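Undergrad: Any chance you could fold what I've pasted below:
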Amino acid sequence: MADAANAKVVFDDPHQVGPAEAETMRTRSLAGVWRWALVALTAVTIFLCINQQFSLRFFVGFTPLNTEYFYLLVLCMLPFTFLIFPAGEKASVERIAWYDLALFAATAIASAYLMINIRKAAELGWEFGEPPQSIIWAGYVMWFVLMEALRRTGGWSLLLSVFPFTVYPLFAGASWLGPLRGNQSTLEQTTAYHMLSTESLLGIPIQAFADVVIGFLVFGTALMMTGAGKFFINIAFALCGTFRGGAAKVCIFASGLLGMMSGSIVSNVLTAGTMTIPTMKKTGFSPSYSGAIEACASTGAVLAPPVMGATAFVMAQFMGTTYAEVAVAAIIPAALYYAGLFLQVDSYAGRHGLKGLDRRELPSAWRTFKEGWYYAFVIALLIVMLLYFKRESHAPFYATALLLVLNQWAQPGKWRTVNVINLAVAIAATAVLVVRGENYAKALAATGDGAFDAWMNAILLPALGGALLLVVLNETFGEKRWGLHKYIAFLEANGRTFVELVGILAGCGLLIGAFSLTGVIASLANDLLALAGSNALLLLLMCAITSLILGLGLTTTACYIFLAILVGPALEKLGLNKIAVHMFIFYWGMLSSITPPVAIASFAAAGIAGAPAMKTGWESMWVGSIIYFIPFFFVANPALVLQAAAPNDAVPYAEALYLAVTAVVGTVFICGGIQGYVAGIGDLRAAAALEWPLRVLLILGGLVLATPGGGIMPLSNAQMELLGLGLLVPTLLVALLMVRRSRTA
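TA: Purely as a prediction, here's the structure:
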């Protein structure tokens, strides 16, 4: 059955079927010269990133300024926003309108002019005087096209949320602004700051995109186009298919694996959902519940490492830390979320008597792993590069190169003598590059603890070059090849994602620039603290509600940026852990994907399931309800995000494990209460009139048990656990008595 089902789904390119961050699903498929232009400029974008991150200096000794590099990326990608995203609902997706071409040209000209002149503006000291009027006028054009790009990718809600703040410095000194009153600037000063500083257009969002997002997007696309999607789903079917409610557990496992690679919620729904939702419906799950499970499982696309979506990279840049630290911090919360989903499904299946799939219908786990073992190997390499070598901007490129080589060797063509020659040539070329490299002499001279790092510096970059050479040789000679058409599709898929993200991130950068220019952030933090009475729990609740409301109209990244600027400093001033605070904002900002009335993931899943959209949205909230509590757990005790209580303390791994276990145990009872079924006891409908009181007590007791004590909580860990057990033990005894009495009646 699994093989037949797989034949109906194409896993080559999940980026084509749904947006990474945008709110609109209406996009154009480019053809002809525009498609080739996108493919070519995507290749240029990837090369520019590699050149900058590996300090290749274009092989001629020239190193562009970071600001020039950022504008080059904007020049390559932003103009295509107006070709790929139509102007509105009535605009044609079949042909490109004249005004789209005009905006394309205006964006390209303004970007190119600013890129060419930004070095000169820096030399003239634009911060202390007026930059040339030509730069100001180019800035006006860029400001306009950025807002239009933001509207097309993020919708009117995002534009109307961001645009007022981009012009806010023009009237920041007005008395009626109250706590938002700040330093006022002229139109020319504001335009110059937005376009030339590294705090606005060229600020944190675009910097994150330029430094790390490009590489991870390339890696994610390579995984999908080499067949990782099929591998992950078959592994999920093989390992979880026979369990109670197996089809839904397969959905959670497969969507979690796919999400860890794609980092996109909607793409995940549309990729995995086409396979998992029909299977769930076939095994007894209702259409709306099937859609809800897929929506919640795919929401993990932005929560689970190693690839967490664009927002996580922006978060790392915002905090001035590494993406690796953000990814490590996300491990336990993501595990708790998926554990909660598994337990929800298990309780639902137990209550409704749903069984697993027949083993004969499922693929073999061993055979599946033999066919796709190299995906696990490549992911392991990525993790080692991130955590051990600390090369987060390099890691995805090494992993992608190795993946392409291994996938070529897995192609159905025969291994011939020419492939051995290709391998020998690539190894020889790598050796030559190592010996001739500038780091070789340093490696020879290195001794002691620094010798290993010195040799890695000497070997890794030549090894990347050798791997890419091997890919080219295998494509040119022999039968182990992808084929040119697949590389073109690979570049096009990456290009469409790059365009979408640049359209959103560049515009959101102006939001940061406006607050930076006016200097209101510090005073606003004090005002928020005064409003909350310095009560951390109250301020967290205010932040959660605000995040959820903003998330209804903004993309995850835009919502995170808003709250990280406005509320983050106030929470940090209360002594809360910085990473825990930013993860809290991140979690609550993306909850709109499963929360009506927006619930974009739920609505996408409802379309596949053939279920009412709003009903699927409400079911998603019910199924994924544990995610509304997890952010409070790790803010209460940052050990859950693997952070020490004090800056110089060691990470409390033992405490983190203990808290994670108690949280899972508490979640068992939360899910049992939500679904009305407790493993080992049975269906709580047998308790008749006591069913709902028992379910409420189970939820409350599980919640108390799962919540860490200490910190901002008035009770210690031990006290919270005793209180939780005090609620749960009598509740479970009564439930057991009532269910057994019903069975014997």
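
Undergrad: low-confidence ranges in the stretch 301-450 of the chain?
TA: Across the stretch 301-450 of the chain, nothing is flagged by pLDDT under 70.

Undergrad: Helices of that one, residue ranges please.
TA: 310-319, 323-329, 331-352, 365-387, 395-409, 417-436, 440-445, 450-476 (DSSP state H, counting those that start in this stretch).

Undergrad: ranking those by burial, who's on top?
TA: Among the helices of the stretch 301-450 of the chain, ranked by average contacts under mean count of other C-beta atoms under 10 Å, first place goes to helix 310-319 (a mean of 26). All C-beta atoms are positioned from the backbone trio N, CA, C, and that covers glycine.

Undergrad: got the contact list for that helix?
TA: Helix 310-319 has contacts (C-beta atoms under 8 Å, 6 or more residues apart in numbering) with 20-21, 204-205, 207-209, 211-213, 216, 263, 302, 322-323, 325-327, 330, 501, 505, 556-557, 560-561, 564, 578-579, 582-583, 586, 589-590.

Undergrad: swap in stretch 561-578?
TA: 161, 204-205, 314-315, 318-319, 508, 511-512, 515, 521-522, 524-526, 528-529, 532, 534, 536, 539-540, 542-543, 546-547, 550, 554, 581-582, 584-585, 588-589, 635, 638, 641, 643, 712.

Undergrad: can you pull the buried residues of it?
TA: The neighbour-count check on stretch 561-578 (16 or more other C-beta atoms under 10 Å) flags 561-571, 574, 576-578 as buried.

Undergrad: possible to save the helices of the stretch 301-450 of the chain as TSV with distance to Arg35?
TA: Converted to TSV, the helices of the stretch 301-450 of the chain look like this (distance: least, C-beta to C-beta, whole Å):
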stretch	distance to Arg35
helix 310-319	24
helix 323-329	32
helix 331-352	37
helix 365-387	29
helix 395-409	23
helix 417-436	31
helix 440-445	43
helix 450-476	21
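
Undergrad: could you measure the residue most central in space within the chain against Ser157, distance?
TA: In the chain, the residue lying closest to the centroid (C-alpha atoms, centre = their mean) is Gly309, at 1.7 Å. Look at Gly309 and Ser157: by C-beta to C-beta, to the nearest Å, they are 20 Å apart.

Undergrad: Could you give the number of residues near Arg685?
TA: Using other C-beta atoms under 10 Å, Arg685 is surrounded by 12 other residues.

Undergrad: that older thread, tell me which of the buried residues of stretch 561-578 fall in helices.
TA: Ile561, Phe562, Leu563, Ala564, Ile565, Leu566, Gly568, Pro569, Ala570, Leu571, Lys578 (DSSP state H).

Undergrad: Among the residues you listed, which one sits closest to Leu38?
TA: Closest approach between those and Leu38, by C-beta to C-beta: Ile561, at 27.1 Å.

Undergrad: Now Gln675. Nearest residue, chain neighbours left out?
TA: Ser347 (3.6 Å; C-beta to C-beta, 6 or more residues apart in numbering).

Undergrad: what are the ranges of the strands in the stretch 601-745 of the chain?
TA: Counting by DSSP state E, counting those that start in this stretch, the stretch 601-745 of the chain has strands at residues 677-678, 682-683.

Undergrad: on that earlier part again, just the buried ones out of the contacts of stretch 561-578, please.
TA: 161, 204-205, 314-315, 318-319, 508, 511-512, 515, 521, 524-525, 528-529, 532, 536, 539-540, 542-543, 546-547, 550, 554, 581-582, 584-585, 588-589, 635, 638, 641, 643, 712.

Undergrad: that older thread, name all residues that make contact with the residue nearest to Gln675.
TA: Ser347 touches Cys671, Gly672, Ile674, Gln675, Gly676, Tyr677, Val678, Ala679, counting by C-beta under 8 Å, 6+ apart.

Undergrad: how does it look with 7 Å?
TA: By C-beta atoms under 7 Å, 6 or more residues apart in numbering, the residues touching Ser347 are Cys671, Gly672, Gln675, Tyr677.

Undergrad: For those, give me TSV that also has distance to Leu239, neighbour count and pLDDT.
TA: Formatted as TSV, these follow (distance: C-beta to C-beta, whole Å; neighbours: other C-beta atoms under 10 Å; pLDDT from 0 to 100):
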residue	distance to Leu239	neighbour count	pLDDT
Cys671	21	28	94
Gly672	24	29	93
Gln675	23	23	92
Tyr677	23	21	93
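
Undergrad: Most widely separated two among those?
TA: Cys671 and Tyr677 (8.8 Å).

Undergrad: ok, back up a step: identify, out of the strands of the stretch 601-745 of the chain, the most deeply packed stretch.
TA: strand 677-678 (a mean of 23).

Undergrad: Does anything pack onto it? Which helices or strands?
TA: Contacts defined by 3 or more C-beta pairs under 7 Å, 6 or more residues apart in numbering; DSSP states H and E place strand 677-678 against helix 331-352.

Undergrad: So, low pLDDT: which residues of the chain?
TA: For the chain (pLDDT under 70), the answer is 1-25, 260-263, 745.

Undergrad: Okay, domains of it per the record?
TA: Following automatic domain parsing, one finds the domains of the chain at 29-84+96-206, 377-481, 652-745.

Undergrad: Figure out which of those is closest to Pro287.
TA: Between the domains of the chain, domain 652-745 lies closest to Pro287; by C-beta to C-beta that is 18.0 Å.

Undergrad: Identify the residues contacting Ala467.
TA: Ala467 touches Ala401, Leu402, Val405, counting by C-beta under 7 Å, 6+ apart.

Undergrad: The second one: what's it in contact with?
TA: By C-beta under 7 Å, 6+ apart, the contact list for Leu402 reads Val378, Leu381, Ala467.

Undergrad: out of those, who's nearest Pro612?
TA: Nearest to Pro612 among the contacts of Leu402, with distances taken as C-beta to C-beta, is Val378, at 40.7 Å.

Undergrad: if I look at that closest one, how far off is Pro396?
TA: 10 Å.

Undergrad: now Met225
TA: 15 Å.

Undergrad: and what of Asp211?
TA: 11 Å.

Undergrad: Ok, Gly129 next?
TA: If you go by C-beta to C-beta, the gap between Gly129 and Pro396 works out to 41 Å.

Undergrad: Setting the sequence-adjacent residues aside, check what's closest to Thr440.
TA: You called it Thr, but residue 440 is Tyr. Ala458 (5.0 Å).

Undergrad: which residues touch that neighbour?
TA: Ala458 neighbours (C-beta under 7 Å, 6+ apart): Val434, Gly437, Asn439, Tyr440, Ala443.

Undergrad: repeat for Gly246
TA: Cys240, Gly356, Leu357.

Undergrad: Hmm, the first one is touching Lys249, no?
TA: Yes: applying C-beta atoms under 7 Å as the test, Cys240 and Lys249 come out as touching, 4.2 Å apart.

Undergrad: ok, now how distant is the closest residue to Val665 other than its chain neighbours from Phe669?
TA: Nearest residue to Val665, sequence neighbours excluded (C-beta to C-beta, 6+ apart): Leu705, at 6.3 Å. Distance, Leu705 to Phe669, using C-beta to C-beta: 7 Å.
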